[in-house]
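**Student:** need a 3D model of the following:
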Amino acid sequence: MTKKQTRVTARIAETGRLVHAANDEDWAYVHRPGDPARPILHCPELSAGCANQLTAVENRIRADGGRLRSFRFRSSTPEAHRCEHGAAGAVLVQGKESAEHKWLKDFVCATARDLGYTAETEWPLDSGLIADVWVHEAVACQRVEAQRVRTDIPKRTDPHTSVVWLLRETARNNVAMNRYVFANPCVRVNIFDSDRRPVQPWAEPAATYSICAYATVLRLSKTPTADCDFFETGELPLRTFLREVWSGDRSWMDDRTVYKFASRVRANDLEERQMWLQRRQEQAAAQAAATIAADRRNQERHRLSTRPNLQPTQKPVPRPHKPPVTAPLSSLPRAEGQPTDPARPLSVWRRFVDWLVGR
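**Tutor:** Reported below is the predicted structural model:
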């Protein structure tokens, strides 16, 4: 695990008093390079009994006089012995604020107050950082940072991750800043007139302008065809964007299954996407079931068509019943003495025969 290399607080070894890099009086007392009488500084976590020594360091990092203050481990402290106590980070001081930066901070602060929040500019945080704007009653992203020049956004985000970075157009010229915007809680801010031309209201107070957020602002796509393009990026008035962010309705989401880069999306839009995905899954399941059923029918037809064509066995036609043939009585020999049928007349030949035999 990488140990935190810088701190914004330290503890004076002799008195146990906690000093802060953002406090000018504290800094003047502990930051005395080359002075052998300067106080010895220890890890700020007194209850842990940590004996790591720290040293106060101040570096000039900007042309306008901005300096970075921090407490660092002594070079003689082994890497394995360096602790993680205290808030990591550094404090930027003495920088000259540009008119653009001040105007944007004031715009955000006025917007928050207009929406019913209590907001302050240059609000000191427990970590030692100073928020450009702090919105006290906001559900999310109480901290708002306006940035127009290069800075280490991931490092400055870490102490207070519930933050929204407003990056001005001038930051587009920096490759590192362009990389930060799509992986950190950032949004670009554009200021233009009715003809979409850049305008500078901080230099022209009477200028008519529109100010919007874009780049990482997601909205519903008009014609979604796949999971990854259900959303698209677009512009949103900065006032509307901040209202949704502060209320918690629009949140930062780093889920690449929803969109190809990290961005801010409304909760209702995520719910609509979920229902859309469910409908697609149901349709896909129904289509798959229909395909399986059709395949089975085709297989059955094929099986029947390839079976040998056997003629069915015909049942024999029953013959009509014939009654037994009996000889007529006249053709049967008559017993001797048997009387002839009185109802049937005797022929002449029969009478002659009877005469001859004496009947």
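**Student:** pairing partners for the helix or strand D132 falls within, with directions?
**Tutor:** Assigned by DSSP states H and E, D132 belongs to strand 130-135. Strand 130-135 has the following strand partners under DSSP bridges: strand 119-124 (antiparallel), strand 143-147 (antiparallel).
**Student:** quick one: contacts of that strand?
**Tutor:** Strand 130-135 has contacts (C-beta atoms under 8 Å, 6 or more residues apart in numbering) with 22, 91-92, 101, 105, 108-109, 112, 117-125, 141-146, 160, 163, 246. Placement of C-beta: from N, CA and C, glycine included.
**Student:** from those residues, list just the buried residues.
**Tutor:** By neighbour count, with 16 or more other C-beta atoms under 10 Å, the contacts of strand 130-135 hold 22, 91-92, 101, 105, 108-109, 112, 117, 119, 121, 123, 125, 141-146, 160, 163, 246 as buried.
**Student:** what score does the residue positioned nearest the centre of the chain have for pLDDT?
**Tutor:** Residue closest to the average C-alpha location in the chain (C-alpha atoms, centre = their mean): V258, at 3.6 Å. You'll see V258 listed with a pLDDT of 81.
**Student:** could you pull out the helices for the stretch 51-200 of the chain?
**Tutor:** Secondary structure of the stretch 51-200 of the chain by DSSP state H, counting those that start in this stretch: the helices cover 99-114, 153-157, 175-181.
**Student:** and those helices, which one is worst for confidence?
**Tutor:** helix 175-181 (a mean of 79).
**Student:** for it, packing partners?
**Tutor:** Applying 3 or more C-beta pairs under 8 Å, 6 or more residues apart in numbering; DSSP states H and E, we find helix 175-181 packed against helix 153-157, strand 186-192.
**Student:** now the angle between helix 99-114 and the strand holding D132, please.
**Tutor:** Here the directions of strand 130-135 and helix 99-114 differ by 30 degrees (axes from the mean of the first three to the mean of the last three C-alpha atoms, to 10 degrees).
**Student:** dump the C-alpha coordinates for stretch 104-118 into CSV.
**Tutor:** The C-alpha trace of stretch 104-118 is given here as CSV (Å, rounded to 0.1, in the frame of the first residue of the first chain):
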residue,chain,number,x,y,z
LEU,A,104,-17.5,32.2,-11.6
LYS,A,105,-17.3,31.6,-7.8
ASP,A,106,-19.6,34.5,-7.2
PHE,A,107,-22.0,33.1,-9.9
VAL,A,108,-22.1,29.7,-8.2
CYS,A,109,-22.6,31.2,-4.8
ALA,A,110,-25.4,33.5,-5.9
THR,A,111,-27.1,30.6,-7.7
ALA,A,112,-27.0,28.5,-4.5
ARG,A,113,-28.5,31.3,-2.4
ASP,A,114,-31.2,31.9,-5.0
LEU,A,115,-32.1,28.3,-4.8
GLY,A,116,-32.5,28.6,-1.0
TYR,A,117,-29.2,27.3,0.2
THR,A,118,-26.6,28.9,2.5
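**Student:** tell me the SS of E271?
**Tutor:** With DSSP: H, G, I helix; E, B strand; the rest coil as the basis, E271 sits in helix.
**Student:** on that earlier part again, my guess is the residue nearest to the centre of the chain is in a helix, correct?
**Tutor:** No: V258 is assigned coil when assessed by three-state DSSP, not a helix.
**Student:** show me what contacts it?
**Tutor:** So V258 contacts 230-231, 265, 270, 273 (C-beta under 8 Å, 6+ apart).
**Student:** so where's the stretch 51-200 of the chain shaky on pLDDT?
**Tutor:** Scanning the stretch 51-200 of the chain for pLDDT under 70 picks out the ranges 61-65, 87-90, 92, 94-95, 127-128, 169-174, 176.
**Student:** tell me which of the strands paired with strand 130-135 approaches V30 most closely.
**Tutor:** strand 119-124 (18.1 Å; C-beta to C-beta).
**Student:** hey, C-alpha coordinates of that closest one in PDB?
**Tutor:** Output in PDB follows, covering the C-alpha atoms of strand 119-124 (Å, rounded to 0.1, in the frame of the first residue of the first chain):
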ATOM      1  CA  ALA A 119     -23.400  29.300   0.600                       C
ATOM      2  CA  GLU A 120     -20.000  30.800   1.200                       C
ATOM      3  CA  THR A 121     -16.900  31.300  -0.900                       C
ATOM      4  CA  GLU A 122     -13.400  30.400   0.200                       C
ATOM      5  CA  TRP A 123     -14.600  28.000   2.900                       C
ATOM      6  CA  PRO A 124     -11.900  26.200   4.900                       C
END
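**Student:** distance from the chain centre to it, please.
**Tutor:** Relative to its chain's centre, strand 119-124 lies at 32 Å (C-alpha atoms, centre = their mean, to the nearest Å).
**Student:** contacts for that strand?
**Tutor:** 22, 105-106, 108-109, 112-113, 130-136.
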